[in-house]
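Provided below are the primary sequence and the corresponding predicted coordinates.
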Amino acid sequence: MRALYSFQNKSLLAVTHDAGRTWTVAETIKKGGKIIVTAIRDGVANFRPRGRVQLSVGARQSYILRQEFPTKDRKLLNLQVSRKLKQIGLWSDADTLHTALISEQKPNGQNLVTAIAVPGSEFDPVLEKLSSAKGARPQSIFPCEAAIAGLLGEITSDPVLSLYFSTNYVKILLTIRKIPLFVQLIPVSEEGLGENLLEYNIEKALDQAHKVYNGSVEKIVAFGSIPDELPSVIGEFNLWKPKWQEIIQSDQPDAITKHPALFGTPFTDPGFDMRPSNWKLAYNLQKASAIAAGLAVAGTAFFSTCSLLLHSYNLTLQKRQSDYAAALNKREKALLAHMPSPRQIKGLYKWVELNQKYAEEPNLNVLMGLFAQCLPPEVKILDMKITREGRVSKTTQVPPENLDQPSPLPATETSGHAIIGPLEVIGTPWESEFTLVTRGNFSLADARLKNTIAKLQLYFRLKDVSRTYDETKQRGILSFKMTAKGKQQSS
């Protein structure tokens, strides 16, 4: 009887961070009130689970919304949250969003909602892989932010700021009592992320945490496999080292800091389960099938009696299906007679292609808004040029002697070879060149320009960076070329 109990409580854990292309997999069992994780395998490409499996999915473009809503109806609440997430503008209109949310009733009658959104481009491939795995019984699918919050909330009730190091980004996550409060992505360039810039972002995150949590955060913890040896101190911040053995056991203790979402999945709040509703229903029916199997023997005689009635009903159903097929065939012929011509179909395909390319175009309003936020008030734009394949648009601003006065209207110049149609322009790469200027002594001007570069590198990729100083006019000049980082090109 003890062996049967152990088998029933044994399940599979899995986590992915790259849309299901590779997985980290482990086995878990609950014994004596403690969870034991064994047989950890990293970098599994051909993931075909069987039996019960608990998963967590990491997404680069995940987002946490924490806001009060007046409605209590769950369906209406989901609709309001989805509309609010779309208004944020982090994803293209063509991309679907998968959300998981929990709500808390406040004394003022409002619902405080914590929602985690994952784009379909990073979540749908996971669902497709699970759908093709015969014998898989997904018990839960959590976003990694919720799983990490579950792990930290199991060991402490205090707020925790966690740093997750990946190959090309660092994620900063604030959690408290198994609830993720906000997440921030810091892209990492080929040159890496310096300690000064990381310390700067931690300070910003702590300021944001004070606004969200309305209190101080004393615990900062580092996760991830990049770098191989996580730091114990970052600038003036000492990192917290939790005693994981108090809540979970593993034959590879170091794996907890490398894969926190994997180990946090068993502790995650069930409200963050992102399985489709029909998957949840199927899982519950599978659990109920054991009870149904016991009742099936007693019901054999009843089903034998019903089989005669079903045979008669099937004969009537077959005749109705035959009549319906004839009517459907007639309607199909009528529709074919009204089909568009090949020329019209070709034009429609072009229109669809143009719409898709337009949807993937960079949101210049967002990018320029980010650019403007990075500029201190004392730094002005002296010259700007945006270049795209096939066409060059150049806008030059000549500032007056007094940089505090408004600049004259810009002169605009366009050049390039003739364009056959919009399909040749939309979707082609773009690059912008900027020249910035600030007035002051050398030390002050150089400090402003260095600060501007550091802020811009959070969102953009810079190259050909040049800083000069004009002694005669007492002003510093910064020149560089700029492109958007990562998926901001199609945000």
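Arrived safely, thanks for sending. Source: prediction; values computed, not measured. Numbers count the residues shown, from 1 in each chain.

and for the most centrally placed residue in the chain, nearest residue in space, chain neighbours not counted?
Centroid-nearest residue in the chain: Ser62, 2.2 Å away (criterion: CA atoms, centre = their mean). Excluding the flanking residues, the one nearest Ser62 by CB to CB, 6 or more residues apart in numbering is Val118, at 5.3 Å. Yep, even glycine has a C-beta here, placed from its N, CA and C like the rest.

how about the residue nearest to the centre of the chain, phi and psi?
Taking degrees, to the nearest 10, you get phi -70, psi 160 for the backbone angles of Ser62.

do the one 5 residues further on as well
Dihedral angles phi and psi of Gln67 (degrees, to the nearest 10) take the values phi -160, psi 150.

could we number from 313 for the rest of this?
Okay, residue one is now 313; in that scheme the one you just asked about reads as Gln379.

quick one: it and Val425 touch, right?
Yes: at 6.0 Å, Gln379 counts as touching Val425 under the criterion of CB atoms under 8 Å.

give me the more crowded residue out of these two.
Neighbours per residue, other CB atoms under 10 Å: of Gln379 and Val425, the larger number sits with Val425, 20 against 13.

in the sheet, who's paired with that one?
Beta-bridge pairing of Val425 under DSSP bridges involves Gln379, Ser415.

over to the one 4 residues further on?
Ala429 forms beta bridges with Tyr375, Thr411, as assigned by DSSP bridges.

can you pull the pLDDT of it?
pLDDT for Ala429: 94.

go on, Gln422?
88.

and what of Met794?
Per the predicted model, pLDDT is 87 at Met794.

what about it, neighbour count?
Other residues close to Met794 by other CB under 10 Å number 23.

surely it touches Thr747?
No: in this structure Met794 lies outside contact range of Thr747 using CB under 8 Å: 11.4 Å.

any idea how far Ala427 is from Cys686?
28 Å (CB to CB, to the nearest Å).

of these two, which one has the most company?
Ala427 (23 against 17).

now that one: how far from Ala448?
27 Å.

cool, and Asp407?
Taken as CB to CB, the span from Asp407 to Ala448 is 26 Å.

Pro419 too?
43 Å.

now swap in Gly344 and tell me
28 Å.

residue contacts, Pro543?
534, 551 (CB atoms under 8 Å, 6 or more residues apart in numbering).

quick one on the thing from earlier: of Pro419 and Ala448, who's got more company?
Ala448 (19 against 5).

which SS class is the closest residue to the more buried one other than its chain neighbours?
Residue nearest to Ala448 in three dimensions, not counting chain neighbours: Pro361, with 4.5 Å by CB to CB, 6+ apart. The assignment at Pro361 comes out as coil when based on DSSP: H, G, I helix; E, B strand; the rest coil.

how deep is Pro361 tucked in, by neighbour count?
20.

residues contacting it?
324, 326, 337, 442, 445, 447-448.

can you rerun that using 7 Å?
Residues near Pro361 by CB atoms under 7 Å, 6 or more residues apart in numbering: 324, 326, 445, 448.

so which of those residues sit within strands?
324, 326, 448 (DSSP state E).

and which of these is nearest Leu679?
The nearest member of these to Leu679, counting by CB to CB, is Ala326 at 35.9 Å.

burial check on that closest one, number of neighbours?
That count, for Ala326 with other CB under 10 Å as the rule, works out to 25.

partner residues bridging it?
Under the criterion used (DSSP bridges), Ala326 bridges to Val337, Leu367.

hang on, isn't it packed against Glu339?
No: with contact defined as CB atoms under 7 Å, Ala326 does not reach Glu339; the gap is 10.4 Å.

what's the helix or strand containing Leu694 packed up against?
Here Leu694, judged by DSSP states H and E, is contained in strand 691-700. Judged by 3 or more CB pairs under 7 Å, 6 or more residues apart in numbering; DSSP states H and E, the packing partners of strand 691-700 are strand 703-708, strand 742-751.

what residues sit buried inside stretch 457-475?
With burial defined by 16 or more other CB atoms under 10 Å, the residues of stretch 457-475 counted as buried are 457-467, 470-475.

and for stretch 677-696?
679, 682-683, 686-687, 691-696.

which residues of the stretch 663-803 of the chain score low on pLDDT?
Scanning the stretch 663-803 of the chain with the threshold set as pLDDT under 70 gives 669-676, 700-741, 798-803.

thinking again about what came up before, now do the strand holding Leu694 and strand 742-751, the angle between them.
Strand 691-700 and strand 742-751 are oriented at 160 degrees to each other (axes from the mean of the first three to the mean of the last three CA atoms, to 10 degrees).

tell me the domain ranges of this structure?
367-589, 673-802 (automatic domain parsing).

how far off centre is the longest one?
Taking the mean of its C-alpha atoms, domain 367-589 sits 10 Å from the chain's own mean (CA atoms, centre = their mean, to the nearest Å).

what's the end-to-end length of that domain?
16 Å (CA to CA, to the nearest Å).

what does stretch 755-762 contact?
688, 690-691, 750, 779, 781, 787-788, 790.

ranges for the helices of the stretch 663-803 of the chain?
With DSSP state H, counting those that start in this stretch as the criterion, the stretch 663-803 of the chain has helices at 676-686, 754-768.

from the middle of its chain, how far away would the shortest one be?
In this case it means helix 676-686. Taking mean C-alpha positions (CA atoms, centre = their mean), helix 676-686 and its chain are 21 Å apart.

which other helices and strands contact that helix?
Against helix 676-686 (3+ CB pairs under 7 Å, 6+ apart) you get helix 754-768.

what is the orientation angle of the helix it packs on with strand 742-751?
Taking the same axes, to 10 degrees, helix 754-768 and strand 742-751 form an angle of 150 degrees between their directions.

alpha carbons only: can I get helix 754-768 in PDB?
These are the backbone C-alpha positions of helix 754-768, laid out as PDB (Å, rounded to 0.1, in the frame of the first residue of the first chain):
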ATOM      1  CA  PHE A 754      34.000  70.000 -19.600                       C
ATOM      2  CA  SER A 755      33.400  68.000 -16.400                       C
ATOM      3  CA  LEU A 756      29.700  68.800 -16.300                       C
ATOM      4  CA  ALA A 757      29.000  68.300 -20.000                       C
ATOM      5  CA  ASP A 758      31.000  65.000 -20.100                       C
ATOM      6  CA  ALA A 759      29.100  63.700 -17.000                       C
ATOM      7  CA  ARG A 760      25.700  64.500 -18.700                       C
ATOM      8  CA  LEU A 761      26.600  62.800 -21.900                       C
ATOM      9  CA  LYS A 762      27.900  59.700 -20.100                       C
ATOM     10  CA  ASN A 763      24.700  59.500 -18.200                       C
ATOM     11  CA  THR A 764      22.700  59.800 -21.400                       C
ATOM     12  CA  ILE A 765      24.600  56.900 -23.000                       C
ATOM     13  CA  ALA A 766      24.000  54.700 -20.000                       C
ATOM     14  CA  LYS A 767      20.200  55.400 -20.100                       C
ATOM     15  CA  LEU A 768      20.000  54.900 -23.900                       C
END
